[in-house]
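Asker: One predicted model, sequence on top.
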Amino acid sequence: MNFNNFTEPGTSKKLDDDSDILVEVKNLKQKNERTIPRFVQSENYAKAFGMQWNKFKKTQLDSFTKQPISYNRLRTAFGSNLNELKGKKVLEAGCGSGRFTEILLSHGAEVYAFDYSNAVDANYDNNMPHERLTLFQADIRKIPFPENFFDIVICLGVLQHTPSTNQSISELNRVTRSQGKIIFDHYKSNIGHYFSLYIPIWLIIKNIKPSNQMKITDWLTRKFFPIHWYFRKNNLIQFILRRFSPISFYYGQFNLSREQHYEFSRLDTHDKNTDQYKRHMTENKFKKMIEKYNYQSYEINSRGNGLECIALKK
């Protein structure tokens with residue numbers, strides 16, 4: 001863990017060693033507890049995500065599934081060989097329990113990973129101790145690092161769940177060095193979303209106390225997963241199920257056992273029904289937004305969660 005480069009959120013002022021945040025970290029180290037600097041309050045709009053990643057802390061890890069699911073996702077989004085990561089200072093924004101963190105580390109990157117929720121605790125349990133990993137809890141709109149600090153910034157599966165996509169990207173740009181690479185994605189507008197019962201179910205569940213949300217999404221998975229699984233090889237019925245079923249189901253996409261598929265469904269059913277913010281963009285709107293940042297170059301691809309961008313900062 002490298003605590004030497006933190007700044008006060010929203011400023012360029014270096015964080016003093018005697019600041020409350022770093023003093024607390026020192027106290028935690030003496031108690032042999034997780035030494036994670038926290039720049040936000042634990043009670044925030046991402047609380048449900050924090051509970052989720054601490055419950056399913058290993059579900060998406062390639063080291064746990066023994067399948068290259070997260071590797072392939074990161075490799076595709078990155079757009080080039082991951083060996084480029086070696087020796088680079090990489091910021092992972094919205095790290096969750098560390099599914100990508102372990103891959104970044106395995107390719108030699110110096111990783112700074114953060115989340116708005118206490119999912120960083122799950123990441124700590126999965127990837128610490130590691131001399132090239134620094135974990136912290138912070139707001140993506142106020143990243144506690146100086147300008148032009150990181151060689152590469154990665155933000156996957158996050159922007160649509162923040163209060164502002166524009167503010168978030170602006171802050172990611174700020175901490176990226178000149179000629180640095182920025183990789184991010186966003187949900188893509190799809191007419192099918194508006195003809196699915198999933199949206200009204202989400203509008204109900206997201207307003208329930210986080211402590212009860214997991215009970216509800218687990219109940220939904222228990223009820224609907226057996227139906228999906230029974231008809232798993234029937235494409236027509238799967239298409240129909242996607243119109244009204246509130247759960248996520250990935251048979252045919254990942255080479256997993258039935259139990260692993262069930263855990264993936266539990267995880268993502270909770271994930272998609274409890275986010276406080278959920279935005280979709282057309283490719284045209286996404287492109288217009290990106291053009292405002294005057295990148296040296298960029299490319300947009302329809303894949304992954306929807307729309308992916310690889311950009312080089314001037």
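Answerer: All right, it came through fine.
Asker: Relative to residue 215, how far out is residue 202?
Answerer: In this structure, residue 202 and residue 215 are 16 Å apart, going by C-beta to C-beta, to the nearest Å. For every residue, glycine as well, the C-beta is placed using N, CA and C.
Asker: And the two? Which one has more around it.
Answerer: residue 202 (17 against 10; other C-beta atoms under 10 Å).
Asker: Of all the helix elements in the chain, which one is longest?
Answerer: Using DSSP state H, we find that the single longest helix of the chain is helix 210-230.
Asker: tell me what the least confident helix or strand in the chain by mean pLDDT is packed against?
Answerer: Every helix and strand in the chain was compared by mean pLDDT, DSSP states H and E; the lowest is helix 20-30, with a mean of 85. Counting contacts by 3 or more C-beta pairs under 8 Å, 6 or more residues apart in numbering; DSSP states H and E, helix 20-30 is packed against no other helix or strand.
Asker: Going by neighbour count, which residues of that helix are buried?
Answerer: The neighbour-count check on helix 20-30 (16 or more other C-beta atoms under 10 Å) flags 21-22, 25 as buried.
Asker: Domain boundaries for the chain, per the record?
Answerer: Using automatic domain parsing, the domain parsing of the chain gives 20-45+60-188+281-312, 192-274.
Asker: for the ones you listed, which one ends up most surrounded?
Answerer: domain 20-45+60-188+281-312 (a mean of 18; mean count of other C-beta atoms under 10 Å).
Asker: End to end on that domain, go ahead and measure it.
Answerer: End-to-end distance for domain 20-45+60-188+281-312: 36 Å, by C-alpha to C-alpha, to the nearest Å.
Asker: starting at the chain centroid, how far to that domain?
Answerer: With C-alpha atoms, centre = their mean, to the nearest Å as the basis, domain 20-45+60-188+281-312 stands 7 Å off its chain's centre.
Asker: Excluding covalently adjacent residues, which one is nearest to the residue most central in space within the chain?
Answerer: Nearest to the mean C-alpha position of the chain, counting by C-alpha atoms, centre = their mean, stands residue 94 at 4.1 Å. Leaving aside its chain neighbours, residue 94 sits nearest to residue 158 (3.3 Å; criterion: C-beta to C-beta, 6 or more residues apart in numbering).
Asker: Could I get the contacting residues of the one you found?
Answerer: By C-beta atoms under 8 Å, 6 or more residues apart in numbering, the residues touching residue 158 are 93-94, 140, 168, 184.
Asker: Quick check: phi and psi on it?
Answerer: The phi/psi pair for residue 158 (degrees, to the nearest 10) reads phi -130, psi -50.
Asker: any idea how far residue 43 is from it?
Answerer: With C-beta to C-beta as the criterion, residue 158 and residue 43 are 20 Å apart.
Asker: repeat for residue 301
Answerer: Going from residue 301 to residue 43 by C-beta to C-beta gives 37 Å.
Asker: Over to residue 244?
Answerer: 34 Å.
Asker: next one: residue 271
Answerer: Relative to residue 43, and taking C-beta to C-beta, residue 271 is found at 20 Å.
Asker: How about residue 104?
Answerer: For residue 104, the distance to residue 43 - C-beta to C-beta - is 29 Å.
Asker: Please confirm that residue 177 is located within a strand.
Answerer: Yes. Looking at residue 177 with DSSP: H, G, I helix; E, B strand; the rest coil, it is inside a strand.
Asker: Quick check, it in contact with residue 152.
Answerer: No. Residue 177 lies out of contact with residue 152 (C-beta atoms under 8 Å); the separation is 9.3 Å.
Asker: just to revisit the earlier point, which residues sit in contact with the residue nearest to the centre of the chain?
Answerer: 114-116, 140, 155-158, 161.
Asker: those strands in the stretch 51-200 of the chain, which residues are they?
Answerer: Taking DSSP state E, counting those that start in this stretch as the test, the strands found in the stretch 51-200 of the chain are 89-93, 110-115, 133-137, 150-155, 176-187.
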